[in-house]
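J.: I would like the atomic coordinates for the input below:
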Amino acid sequence: MNIDDIKTIGVLGGGLMGQGISQSAILAGYKVICRDLKDEIIAKTKDNVANGRFGLAGGVQRGKLTQEQADQALARFTVSTKVEDLKEVDFMIEAIGGTTGVMEDKGVKIKVFGEMDKVVKKEAIFASNTSFFTIADLAAVTNRKDRFIGMHFFSPANVMKGCEVIWTADVMPEVIEITMELGRRWGKVPVKVKDIPGDTGFIGNRVYRALRLEANKIVEEGLATAEDIDTVMTTGFNWPVGPLGMGRGARGGWK
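T.: Numbers count the residues shown, from 1 in each chain. This next block holds a predicted model:
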């Protein structure tokens, strides 16, 4: 197994993250099949990849892509509601959001991985874009723990360069390297992160959580306003946005 064996990418979930992941892959020359539950969802997924705020049409307008490159990329993108359409993918990424008010639902992810393990060819690598769930717990419901890994992108996934590759004790070393190289080919800067129990998250969200907790504590103690904290961090540490500004919807919010 090597990186050149990866030709077709399956993406589970056509929301914001699934759209960004799909767009990164098709721009890098990969065929992508994105699956979601309803026709109206996948229609919106395809339209957003083509014409959304961070879509291909905007890339052409900004001079980042030629029209020919955009057309070729979109031709590599397929959307579907049928699970069987993913049976021959080489690398499947789960990017399923949670129910209303919940960013992610671990139970849903576990259920879906168990089902997809029976559908997708056994040689395929499975990955989860989860922000914080322990990867080994998701892999445990499959018969491919040696080919199961975390691949956490940041939002919007086709814009942000960060990519956390979370490896378990069971995963094969070549799967880690394939995933790292896949990230690089998609224009990302991947880093390896060791999987641990407890659903504690990985690098980005753990550090960000600590920052937010301390910043909120300063506000609660009446030492400074949220705006003052963000000002200190942007002007004193040259951050592009402060820790509390991120939570007010700054571009590149944490997912």
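J.: So what does residue 25 look like in phi/psi?
T.: For residue 25, the backbone dihedrals are phi -70, psi -40 (criterion: degrees, to the nearest 10).
J.: pretty sure it is touching residue 186, no?
T.: Yes - taking contacts as C-beta atoms under 8 Å, residue 25 lies within contact range of residue 186: 6.1 Å. No exception for glycine: its C-beta is placed from N, CA and C like everyone else's.
J.: Confirm for me that residue 212 is in contact with residue 242.
T.: No - at 10.4 Å, residue 212 does not count as touching residue 242 under the criterion of C-beta under 8 Å.
J.: Between those two, which has more neighbouring residues?
T.: residue 242 (23 against 15; other C-beta atoms under 10 Å).
J.: what number of residues lie near residue 139?
T.: 25.
J.: Let me see the contact set for the nearest residue to residue 27 once chain neighbours are set aside.
T.: Leaving aside its sequence neighbours, residue 27 sits nearest to residue 73 (C-beta to C-beta, 6 or more residues apart in numbering; 5.1 Å). By C-beta atoms under 8 Å, 6 or more residues apart in numbering, residue 73 lies in contact with 23, 26, 27, 56, 65.
J.: where does residue 92 land in three-state SS?
T.: Look at residue 92: counting by DSSP: H, G, I helix; E, B strand; the rest coil, its state is strand.
J.: Which residues are in contact with it?
T.: Counting by C-beta under 8 Å, 6+ apart, residue 92 touches 9, 10, 11, 12, 86, 116, 120, 124, 125, 126, 127.
J.: Can you list which of the residues you listed are found in helices?
T.: Among these, the ones falling in helices (DSSP state H) are residue 116.
J.: Reformat the contacts of residue 92 as JSON lines; add distance to residue 137.
T.: Converted to JSON lines, those look like this (distance: C-beta to C-beta, whole Å):
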{"residue": "9", "distance to residue 137": "23"}
{"residue": "10", "distance to residue 137": "21"}
{"residue": "11", "distance to residue 137": "21"}
{"residue": "12", "distance to residue 137": "17"}
{"residue": "86", "distance to residue 137": "22"}
{"residue": "116", "distance to residue 137": "16"}
{"residue": "120", "distance to residue 137": "19"}
{"residue": "124", "distance to residue 137": "20"}
{"residue": "125", "distance to residue 137": "18"}
{"residue": "126", "distance to residue 137": "13"}
{"residue": "127", "distance to residue 137": "14"}
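J.: Closest to residue 145 out of the contacts of residue 92?
T.: Distance to residue 145, by C-beta to C-beta, is smallest for residue 126 among the contacts of residue 92, at 9.4 Å.
J.: Find the nearest non-adjacent residue to residue 154, please.
T.: Nearest non-adjacent residue to residue 154 (C-beta to C-beta, 6+ apart): residue 160, at 4.0 Å.
J.: Show the model's pLDDT score for the one you found.
T.: Looking at residue 160, its pLDDT stands at 94.
J.: Give the next helix or strand downstream of the helix or strand containing residue 19.
T.: For residue 19, the element it lies in under DSSP states H and E is helix 16-27. Next along the chain after helix 16-27, taking DSSP H and E as the criterion, comes strand 31-35.
J.: what helices or strands is that next one leaning on?
T.: strand 8-12, helix 16-27, helix 39-51, strand 77-80 (3 or more C-beta pairs under 8 Å, 6 or more residues apart in numbering; DSSP states H and E).
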